[in-house]
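> I need the structure of the sequence given here:
(one chain, ligands or ions: 1)
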Amino acid sequence: MPEAPIDWSAFNRAARSRPSRELLRRTLGCMAIEGRPPGVAVDLGCGAGADSLELLRRGWLVHAVDASSDSLDLLKAAAEPESSGRLHAHLQAYESFDVPACDLIWAGYSLPFCHPQAWPVFWQRAVQALRPGGRIAGDLFGTRHAFGSEGDVLLFTEAEARALLAGLEVEAFDIEDGHRPSGGQITRWHAFGFAARKPAAGVAWQTP
Ligand SMILES: C[S@@+](CC[C@H](N)C(=O)[O-])C[C@H]1O[C@@H](n2cnc3c(N)ncnc32)[C@H](O)[C@@H]1O
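Next up, the predicted model:
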């Protein structure tokens with residue numbers, strides 16, 4: 001994991017009471033309409049876990065992965081006792097996480113912080129772990145994002161981001177190209193919120 005000059009512990013503490021992401025709820029809505037029951041989800045860089053908690057509330061078994069122990073502690077403290085048996089918290093860099101066979105991989109604002117050298121193999125491993133009909137969703141940062149000046153943050157052009165999803169059925173590709181409040185400052189924001197479905201069994205997913 002890069003030595004990002006970001007205090008994730010403080011960031012996640014400030015974000016812990018936020019609602020779950022609309023992109024996640026939209027993705028879960030597609031799965032529900034398909035009649036796919038809650039299964040196994042992986043939340044990469046889960047932070048304080050607002051989205052893991054949403055998945056737990058909906059009956060998913062959640063592998064929540066984050067390199068920040070304070071953030072995982074906040075998630076574990078917030079999980080309802082009835083669902084805590086379905087929460088598996090993993091304190092580690094997600095690049096080294098052995099992604100299990102799963103129905104959903106959610107990565108809210110965390111993929112840009114993957115170690116750049118680990119990225120191509122990690123992305124391939126993640127998509128391979130998805131079961132047919134499973135979804136991968138989250139955020140990639142674009143080349144005009146303010147965090148591009150922070151060192152090892154991964155940035156993609158729109159074409160590169162779309163190419164990553166080649167071979168998957170893209171259900172969302174939300175482009176944000178503007179400014180938003182982040183970390184107490186108005187921040188240049190350029191990001192691609194994506195959700196993509198792995199084709200059903202029998203259709204091979206090709207590495208881009
Ligand atoms: C911007 S925060 C997003 C947190 C949460 N997903 C959310 O949307 O509120 C990024 C999170 O990714 C975690 N993170 C960054 N790089 C990571 C890595 N390589 N492995 C595991 N966790 C990482 C940080 O600790 C932090 O909790």
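
> Toward the C-terminus from the lowest-mean-pLDDT helix or strand in the chain, list the very next helix or strand.
None of the helices or strands of the chain scores lower by mean pLDDT, DSSP states H and E than helix 8-15, at a mean of 87. Counting by DSSP states H and E, the next helix or strand C-terminal to helix 8-15 is helix 22-33.

> List the contacts of the very next helix or strand once past that following helix.
Where DSSP H and E defines the elements, the next helix or strand beyond helix 22-33 is strand 40-44. The contact list for strand 40-44 (CB atoms under 8 Å, 6 or more residues apart in numbering) reads 49, 51-52, 55, 60-65, 94, 97, 99-108, 110-111, 126, 129, 138. To be clear about C-beta, it is placed using only N, CA and C from the backbone, and glycine gets the same treatment.

> can you check stretch 45-54 too?
Under CB under 8 Å, 6+ apart, the answer for stretch 45-54 is 8, 11-13, 15-21, 24-25, 28, 41, 43, 62, 64-68, 71-72, 74-75, 78-79, 87, 94, 106-111, 113.

> Can I get it in CSV, CA atoms only?
C-alpha atoms of stretch 45-54 as CSV (Å, rounded to 0.1, in the frame of the first residue of the first chain):
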residue,chain,number,x,y,z
GLY,A,45,-10.9,-0.4,1.5
CYS,A,46,-14.2,-0.4,3.5
GLY,A,47,-13.2,2.4,5.9
ALA,A,48,-15.6,2.9,8.7
GLY,A,49,-18.0,0.7,6.7
ALA,A,50,-21.2,2.6,5.9
ASP,A,51,-21.4,0.4,2.8
SER,A,52,-20.5,-2.9,4.5
LEU,A,53,-23.2,-2.1,7.0
GLU,A,54,-25.7,-1.6,4.2
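
> Next up, the contacts around the spatially most central residue of the chain.
For the chain, the residue nearest the mean C-alpha position is residue 107 (0.3 Å; CA atoms, centre = their mean). By CB under 8 Å, 6+ apart, the contact list for residue 107 reads 43-45, 136-139.
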